[in-house]
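Enquirer: got a predicted model here, sequence first, then my questions.
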2 protein chains.
Amino acid sequence: MSVSNFQPLHQRLTDELRSRITSGTWPEGFQIPSEAELCREFEASRGTVRQALSALRAEGLILGGRGKQPVAGRAALSQPFTTFMSFTEWAGSIGRVPGQQTREVAKRPASPDVAAQLGLEAGEPVVEVLRLRLLGEMPAMVERTSFVLDVGRLLFDFDTDSGSIFSFLKSCGVDLSRGRHTIDAVAADELDAELLGVEPGSPLLRERRVTSSAAGEPIEFSDDRYVPGLTNFTIENTNDHRANLVRVPTSA
Amino acid sequence: MSVSNFQPLHQRLTDELRSRITSGTWPEGFQIPSEAELCREFEASRGTVRQALSALRAEGLILGGRGKQPVAGRAALSQPFTTFMSFTEWAGSIGRVPGQQTREVAKRPASPDVAAQLGLEAGEPVVEVLRLRLLGEMPAMVERTSFVLDVGRLLFDFDTDSGSIFSFLKSCGVDLSRGRHTIDAVAADELDAELLGVEPGSPLLRERRVTSSAAGEPIEFSDDRYVPGLTNFTIENTNDHRANLVRVPTSA
DNA sequence: AACCGGCACTTGTTTGAACAAGTTGGTGAT
DNA sequence: ATCACCAACTTGTTCAAACAAGTGCCGGTT
């Protein structure tokens, strides 16, 4: 095994337990072994075991506790960061073939709206990509993305019809590690309607997203419009843990 | 202080630190005191301090670390469970006056769709409430909620125009501690259009929600349709922590 | 001046221990 | 048979200690 393969014990434990639940080895409602038993099985201390359990609890995969032994929850309602950020990776994870038709790659001055999202002055140059995304043969989403110039310039050396921009940028060493997503509904404009094959004015599910580095500098802003009925977003919420999820008044 | 006011140390620590960040005492980018300093200030052990920091990290309020001292993140992108679940409480938290006009409270057999969501047999009786929700004077949302009979029967003793059903049920001792939310876009039907004062066919932001007990038994299913432009949902996502958020293919 | 190594400091990981608090099941008295 | 109580579990909270690994600075060497 390569050195890069090393993961801390509590991480491997988390992954192992998660896989037991999502794979059905521990079906919903199954009474999970006690912490003491897990310590014996994995030869770890109780602190480490609890660290793993706490992570799964936050994902909603483990319920109950306090006196009682906890039970396994509904399988799998969470995605790792990359799967949620990358349309290509997501499509793969659900067994569909992703496709894309690039309509435009352009360097142009940022509009006031885009500039505000990226923390730039209006008029500073950005690189914008307009793509139609497909699931199999079906149009699923229109993607309008604006990149900060330093990152965007890399795209002129990349075939944006060939696959995932996200993983291409990752491989260039770009730090993409935080995302803020705003979800609402809009009426399809002329362009949306033409690309997606729907009536102008019909409802679309819109996700606007600012992706930034670990330190919080914005890298990318995207306006993605999904055909409803093909896609939705699902979120889980618990009394114990705050979810990174809010309902927001627009233009208060 | 009453006994019920007691909270474990790590909880109080979490709340105290969160308030320092959201209140601006520690502005965005501020370098947070080291763990050792926090231990001294709160007279707690390092494990307890780390437990608090870990919670804030998951909320996105603390960034960085590993060698460096971590810094405060963008303020407040999370809501406690109750604020997200209750329209009334949410409206209050943003300084608006919530309103509601009940159109119907009825006991009737569950439709196949509702039955499936609540884990019942189709045709078993449920209690359904149809309400128009307002922000100030403006129509903001149409709410179609179905309650399991045991809980729903309580509503016949409650004035559903007077305020929050959520907090009423809580006060009756009903265990509401988990929520699963599915967000997509739909076209307004005749009823939506009339109640919300929009054109039939215009886009609405829809949130469907199953609320369940800590043990996972469904209590309530709701179909809420928001006027777009008034409300949206915002979610934050990090490389380190899985978010309880997924993109889902509908009717795959 | 530029580079390099080491030191002091930080956070990350792991262990071990102790006590509090909730749940369950059995024992014994009624 | 039923009830009260206790004992043996469970998880929750908190402490203390040690080492690994990453960062930044300072001083010495080149």
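Expert: On my side now, so go ahead. As the structure is a prediction and not an experimental result, all values here were calculated from the model.
Enquirer: please read off the pLDDT at the residue nearest the centre of chain A from the model.
Expert: For chain A, the residue nearest the mean C-alpha position is residue A:84 (2.0 Å; CA atoms, centre = their mean). If you check residue A:84, the pLDDT there is 75.
Enquirer: any bit of the helix or strand hosting it sitting next to chain B?
Expert: Following DSSP states H and E, one finds residue A:84 within helix A:81-85. Yes - contact of helix A:81-85 with chain B (CB under 8 Å from any CB of the partner chain) involves A:81, A:84, A:85. Where C-beta positions appear, they are placed from N, C-alpha and C, glycine not excepted.
Enquirer: from residue B:200, how far out is the residue nearest to the centre of chain A?
Expert: Residue A:84 sits at a distance of 34 Å from residue B:200 (criterion: CB to CB, to the nearest Å).
Enquirer: related to what we said a few turns ago, which neighbouring elements make contact with the helix holding residue A:84?
Expert: Counting contacts by 3 or more CB pairs under 8 Å, 6 or more residues apart in numbering or on different chains; DSSP states H and E, helix A:81-85 packs against helix A:87-93, helix A:165-171, strand A:178-187, strand B:231-238, strand B:245-249.
Enquirer: if we can go back for a sec, isn't the residue nearest to the centre of chain A right up against residue A:179?
Expert: Yes - counting by CB atoms under 8 Å, residue A:84 touches residue A:179, with 7.5 Å between them.
Enquirer: identify the contacts common to those two.
Expert: Jointly contacting residue A:84 and residue A:179 under the rule CB atoms under 8 Å, 6 or more residues apart in numbering or on different chains are residue B:237.
Enquirer: what does the strand or helix carrying residue A:14 contact?
Expert: Applying DSSP H and E as the criterion places residue A:14 in helix A:9-22. Here helix A:9-22 makes contact (CB under 8 Å, 6+ apart) with A:7, A:25-26, A:38, A:42, A:44, A:48-49, A:51-53, A:55-56, A:59, A:61-62, A:72-73, A:75-76.
Enquirer: residue A:104 is in contact with residue A:128, isn't it?
Expert: Yes - counting by CB under 8 Å, residue A:104 touches residue A:128, with 7.1 Å between them.
Enquirer: out of the two, which sits in the busier spot?
Expert: Neighbours of residue A:104 and residue A:128, each counted by other CB atoms under 10 Å in any protein chain shown, are more numerous for residue A:128; the result is 20 against 11.
Enquirer: returning to that earlier point: is the helix holding residue A:14 positioned near DNA strand C?
Expert: Yes - applying CB under 7 Å from any atom of the strand, one finds helix A:9-22 touching DNA strand C at A:9, A:10, A:11.
Enquirer: pull out the buried members of the residues you listed.
Expert: residue A:10 (16 or more other CB atoms under 10 Å in any protein chain shown).
Enquirer: now the residues of helix A:9-22 next to DNA strand C in JSON lines, with pLDDT and distance to residue A:108?
Expert: Shown next, in JSON lines, are the residues of helix A:9-22 next to DNA strand C (pLDDT from 0 to 100; distance: CB to CB, whole Å):
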{"residue": "A:9", "pLDDT": "93", "distance to residue A:108": "50"}
{"residue": "A:10", "pLDDT": "94", "distance to residue A:108": "47"}
{"residue": "A:11", "pLDDT": "93", "distance to residue A:108": "43"}
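Enquirer: burial measure for residue A:124, as a count.
Expert: Counted with other CB under 10 Å, residue A:124 comes out at 13.
Enquirer: no wait, residue A:43
Expert: As a burial measure, residue A:43 scores 8 neighbours (other CB under 10 Å).
Enquirer: got phi/psi on it?
Expert: Per-residue torsions, residue A:43: phi 50, psi 50 (degrees, to the nearest 10).
Enquirer: pLDDT at it, what is it?
Expert: Confidence at residue A:43, expressed as pLDDT, is 94.
Enquirer: got it, and the one 10 residues further on?
Expert: In this prediction, residue A:53 carries a pLDDT score of 95.
Enquirer: quick one: contacts for residue A:88?
Expert: A:98, A:163, A:164, A:166, A:167.
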